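K.L.:
Quick one, structure for this:
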Amino acid sequence: MAKIYIAGPLFTEGERWLLERIEEICRREGFETYLPHREAERLPSLEAIYQSHMKALRECDFMVALLDGADVDSGTSFEIGYFKALGKPVVGVRTDWRALHLPRRGQTPEVNLMIRFSLDRYVRGLEELEEALKAFSRL
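P.N.:
Purely as a prediction, here's the structure:
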């Protein structure tokens, strides 16, 4: 069974809540998951957290990265870059209102080009994420 690394900002209750919804979708589609904030809670130091996340990045098969906010979270940006350097696929998801509605008005708010072109799939919203995961589960 493929394992997904779920990357994203994880410092507020709202951010963690959304990452946990993403995890629910991943599990419902039959994937194992690694959710960094859940792992970090049980570790004794920042270095231990770093080592745990790096190990998971090497072990996971692909990544779902939450890209919400004015700019992609710095830790998430690192995780995407590292994962791509390993040659593994990344699905980026934005639930930001601007990403969901402005494209219909002829505007395309994007993330930084280095992030955008590192993504194997870019989805807008959790419904599109679910469809993307169904496609990955058939591979």
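K.L.:
so where's this structure uncertain?
P.N.:
Applying pLDDT under 70 to the chain flags the ranges 97-109, 139.
K.L.:
If we use 90, what do you get?
P.N.:
Scanning the chain with the threshold set as pLDDT under 90 gives 1, 69-71, 96-113, 116, 124, 135-139.
K.L.:
Show me the helices in it, by range?
P.N.:
For the chain, the helices defined by DSSP state H cover 13-28, 36-40, 46-59, 74-85, 97-101, 113-116, 126-137.
K.L.:
got those as TSV, with distance to I4 columns?
P.N.:
Any C-beta I mention is one placed from the backbone N, CA and C, and that applies to glycine too. What follows is those, written out as TSV (distance: least, Cβ to Cβ, whole Å):
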stretch	distance to I4
helix 13-28	5
helix 36-40	12
helix 46-59	10
helix 74-85	11
helix 97-101	21
helix 113-116	18
helix 126-137	8
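K.L.:
For these, give me JSON lines that also has distance to M1 and mean neighbour count.
P.N.:
Output for the helices of the chain, formatted as JSON lines (distance: least, Cβ to Cβ, whole Å; neighbours: other Cβ atoms under 10 Å):
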{"stretch": "helix 13-28", "distance to M1": "11", "mean neighbour count": "16"}
{"stretch": "helix 36-40", "distance to M1": "18", "mean neighbour count": "16"}
{"stretch": "helix 46-59", "distance to M1": "13", "mean neighbour count": "14"}
{"stretch": "helix 74-85", "distance to M1": "19", "mean neighbour count": "17"}
{"stretch": "helix 97-101", "distance to M1": "30", "mean neighbour count": "14"}
{"stretch": "helix 113-116", "distance to M1": "28", "mean neighbour count": "14"}
{"stretch": "helix 126-137", "distance to M1": "10", "mean neighbour count": "16"}
